[in-house]
Each structure stands twice: as C-alpha cells, then as structure tokens.
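Sequence plus predicted model, see below.
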Amino acid sequence: MQSAEYNALLEAALKRPLTLAEEKRLQAYWASHPEAQASWEEEMGLSQLLRQLPDAPLASNFTAQVLQAAERESSRSPLFQPASWWPRRYDWKWAQTVACAALVLSLSLLLYHRHQLSLRAERARSVAAVSSFATLFFGGEIAVGVAARNGPGASAATTASPDALLPPLELLENFEAINRLSQVSPQVDLELLAALQ
Amino acid sequence: MPDHRDPDAALMLRVKQGDMAAFEELVEKHKQPVMNLIYRTLQDAAEAEDLAQNAFVQVFKSAHRYRASAKFSTWLYTIARNLCLNEIRRRSRHPAQSLESTQSENEDQPARQFEDVKIVSPPDLLLQGELAQKIGQALAELPENQRTAILLFREEEMSYEEIARILKCSLSATKSLIHRGRETLKQKLKPYLRTGFWQEPEK
C-alpha cells in the first residue's frame, strides 16, 4: 500500500469506522511501517476527544424563540402572504423603475426640444442681423447701380420697388455730392495744383 | 440541479411556501451543531445563543431566495460563520459593547417571552474536568478558519467539499487547514492522546 492510499484510509477513519477490508489493508501497512501506528493512534485519540467534547448549552425554549422571531419577521415583510389582485412588492418596484425611466426620458426630450427652439431663435436673430446689414450697405449700392443702368433721369425708387431694399434716408442725404465726386475730371485738379504753385 | 437526496432541502422548499412546521423541524435538527460551532468560536454562551437564533431567522428571511443546488447545512453553516465573523469584527471595533445591549435598542418586543424550563449551568461547569477545559482552550487558540474547519469536520455528515464551500476555499486548502489545526491540537494535547478515551490524565 502506498502512502497516498494510507492517507485516504486515515481520512476515511476520521469520518467513519473502517470496513473489514480496510482494516486488513491497514494492518498490512503497519506491518511494513511500524512507526505509522503510533501516529495513527494519536489521530484516532484526537478524533475521539473532539467527538466527546460536550455540546454547548442550549436553552430549552430556543426553538420557540426562533419561531417567534420568524413569525415577527413574517408579519413585518409579507414574503409568504398569498397572492392577491393587488400588485406585490416587486411589481411596485418594477413599476417604479419604469416610471423613473419614463420621467428621465420625458425630461431629456423636453430639454432637447427647448435646446432646438433656442437654436432656431438664435439662427433667426443672426439672419435678421445679416439681412439688416446687407440692406444697410448693399441695398444702397443696388439702388445706385439700378439708377445708373436706367439713365440719369430715372429714379432709384422706381426700380427697387420693395421698401425693404431701400437704404435709410440719412444715407441718401449726400448722395448727389458723392455721386458727383466720381464725375469730376482730373483736369480740374491739375489746374488747381498749377494755380497753387 | 436540486439535490433531492437532501431531506433538509425538501423541508426548506416547504419553508419557502410558508410552512412553519417545516421550519421548526429544521431548527430542531440543526440547533445544537450550529450552537456548538458558534459557542466554540465566540466562547460566550449567551452571545452564541443569540447569534444561533439570528442564523435561523436569517434562514427564514432568506427562504424565498433559497435554491436547492447545495446542501441546506452548507448554506446554514455559511450564514452562521458569517455572523460569527461579523461579531468578531464588531468585538474588535467595540470591545466593551455587548451584543445584547445593541439588540435591545432595535427590538420593540421583549427578546425572551418563553420560560426556559431547563436550568443551564455555565458551560465550563458542564465540561468534564481539566481535559475538557484543555481541549476547549486549545480549540479557542486556533486561528478562526482552522477551528471552524475542525469543528465542521467533527460533524459526521460534513464532507471536505462542504467544508470547503463554507470556508470559501479550495478542497486542498481545506484539507491543509484541518491537518494543520489537528497537528496543533495534537501538540497541545499530546499527554491526553495516549488512549484516545475521555478520562483524566495520569498525575
């Protein structure tokens, strides 16, 4: 018998009485390993002592007290109550979870919608600003260009009919003088320069 | 897979349905070994009894979560050991505070309403002389996991595999714990191991 088999026998002997066959194998092992017998007897002696260790003292009303505590627990949390039409505790829990999720989703949608509205308003303001800027600076040019194309007698207002395209009156106040500046020939300037010299 | 060979598992399934008689049967069957384990761990009979009661109440409270995939006793001893470990930690944090005082604050009903008809002597008086005290002392001096392993191993129906599950360690580690614990006990109790019988040592 190998030592592994001997250890298996020892493990078995610690839990239960050995069978006759096991006893024979053990005796054979001891015959070839006499030193193992003393160790075996010590192990058995310790097991005997542990088995005979007295039980811890226990109150006679132990079970009654446990049952009472269990009844108290049972009445506190109705785990064992029969099912009824009213939703059970975990049904409520599920409903609460769904409600919370729905609330979070609604809030998210609302915030997104508001964000989109504010973006649109901002874009509208930007377009309005650009539009007024374009009207202020380019609207005058458009009117001037149109007047130039229609000839000196034609009025700018007759060609640019929408009032929104017209530049403000303050801008048109010195229009004639500014327009004339571009029509003055360089000869006048040369004459003025010669006179000054 | 439910273990149909375990009669305790069948009882526990009845407890799940609210059967108090089945619960009473389980308590009656397991109260002494659970109490032994807790008492040998805490070395205080009153606290051990409170904790043993708590262990069974925990079982009852958790009955709806019970799955008969392992032996009921494995589950029960795991709960009992966890309560012991919590109590040991609590003691190390608050050495002067007793468990009794903390419980009475939380309980709205008196803890003891049933008459204890058995007169219980202090545990040391029940032990049989010097040898019993020596064994108790030697066990108390072991590290917690070695002591728990040896006490569970003392239970006839408890296999190495179940002890390993309760201690949350491997099979080989469990065997090693038991071996080392037994070696320590043999060293301390060497003079008493000559015969293996429960008797006073020779003077």
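That came in fine, so what should we check first? Here the structure is a predicted model, which is why all the values come from computation and not from measurement. Numbering: from 1, shown residues only, chains lettered A, B, ... in the order given.

residue nearest the centroid of chain B?
Centrality entry for chain B: nearest residue to the mean C-alpha point is B:L37, 2.4 Å, by CA atoms, centre = their mean.

any weak-confidence spans in chain A?
For chain A, the stretches with pLDDT under 70 are A:1, A:77-91, A:133-172, A:181-184.

which residue ranges form the strands in chain B?
For chain B, strands defined by DSSP state E do not occur.

is chain B contacted by stretch A:28-45?
Yes - residues of stretch A:28-45 are located near chain B by CB under 8 Å from any CB of the partner chain, namely A:E41, A:E42, A:E43, A:M44, A:G45. Where C-beta positions appear, they are placed from N, C-alpha and C, glycine not excepted.

quick one: which of these has the most company?
The member of the residues of stretch A:28-45 next to chain B surrounded by the most neighbours (other CB atoms under 10 Å in any protein chain shown) is A:G45, with 19 neighbours in all.

Quick check: which element contains it?
For A:G45, the element it lies in under DSSP states H and E is helix A:35-52.

follow-up on the earlier one: can you add distance to B:I178 and give the residues of stretch A:28-45 next to chain B back as JSON lines?
Formatted as JSON lines, the residues of stretch A:28-45 next to chain B follow (distance: CB to CB, whole Å):
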{"residue": "A:E41", "distance to B:I178": "18"}
{"residue": "A:E42", "distance to B:I178": "15"}
{"residue": "A:E43", "distance to B:I178": "11"}
{"residue": "A:M44", "distance to B:I178": "15"}
{"residue": "A:G45", "distance to B:I178": "16"}
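
List just the nearest of those to chain B.
Proximity of the residues of stretch A:28-45 next to chain B to chain B (CB to the nearest CB) peaks at A:G45, which lies at 3.2 Å.

and stretch A:51-70, anywhere near chain B?
Yes - counting by CB under 8 Å from any CB, chain B is contacted by stretch A:51-70 at A:51-70.

okay, how far is it across that stretch, tip to tip?
Stretch A:51-70 stretches 32 Å from its first residue to its last (CA to CA, to the nearest Å).

Tell me which stretches of chain A form helices.
Under the criterion DSSP state H, chain A contains helices at A:3-15, A:20-32, A:35-52, A:62-76, A:89-150, A:156-159, A:169-172, A:175-181, A:186-196.

Can you say which of these is packed in most?
Of all these, helix A:62-76 carries the top mean neighbour count, a mean of 17, counting by mean count of other CB atoms under 10 Å in any protein chain shown.

just checking, what packs against that helix?
Judged by 3 or more CB pairs under 8 Å, 6 or more residues apart in numbering or on different chains; DSSP states H and E, helix A:62-76 is in contact with helix B:20-42, helix B:45-61.

how many degrees apart are it and helix B:45-61 in direction?
Interaxial angle, helix A:62-76 versus helix B:45-61 (axes from the mean of the first three to the mean of the last three CA atoms, to 10 degrees): 40 degrees.

Got the phi and psi for A:L58?
phi -140, psi 130 (degrees, to the nearest 10).

What separation is there between it and A:Q65?
From A:L58 over to A:Q65 the distance is 11 Å, taken as CB to CB, to the nearest Å.

same deal with A:K15?
33 Å.

Also B:E141?
32 Å.

is it true that A:F62 touches B:A55?
No - using CB atoms under 8 Å, A:F62 makes no contact with B:A55, being 11.5 Å away.

dump the residue contacts of residue 62.
Picking chain A for this. B:V27, B:K31, B:M35, B:E49, B:A52, B:Q53 (CB atoms under 8 Å, 6 or more residues apart in numbering or on different chains).

Let me rephrase: I mean chain B.
Here B:S62 is in contact with B:I79 (CB under 8 Å, 6+ apart).

Could you check the pLDDT of it?
Note for B:S62: predicted pLDDT of 88.

What of the one 4 residues further on?
With respect to pLDDT, B:Y66 has a value of 83.

could I get the helices and strands packed on helix A:62-76 as TSV with distance to B:C84?
Output for the helices and strands packed on helix A:62-76, formatted as TSV (distance: least, CB to CB, whole Å):
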stretch	distance to B:C84
helix B:20-42	5
helix B:45-61	7
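
So for chain A, which of those helices sits nearest?
helix B:20-42 (3.4 Å).

Within reach of chain A, which of the contacts of A:F62 are there?
B:V27, B:K31, B:M35, B:E49, B:A52, B:Q53.

Between these, identify the one with the most neighbours.
For the ones next to chain A among the contacts of A:F62, neighbours were counted using other CB under 10 Å, and B:A52 has the most, 28 neighbours in all.

Tell me who's in contact with the nearest residue to that one once chain neighbours are set aside.
Among residues not flanking B:A52 along the chain, B:M35 sits closest, at 4.7 Å (CB to CB, 6 or more residues apart in numbering or on different chains). Residues near B:M35 by CB under 8 Å, 6+ apart: A:D55, A:A56, A:L58, A:F62, B:A48, B:E49, B:A52.

Show me which of those is closest to A:H113.
Among the contacts of B:M35, B:A52 lies closest to A:H113 (CB to CB), at 61.3 Å.

who touches the nearest residue to B:L171 once chain neighbours are set aside in this structure?
Spatial nearest neighbour of B:L171, chain neighbours left out: B:A164 (4.9 Å); criterion: CB to CB, 6+ apart. If you count contacts by CB under 8 Å, 6+ apart, B:A164 has them with B:S170, B:L171, B:A173, B:T174.
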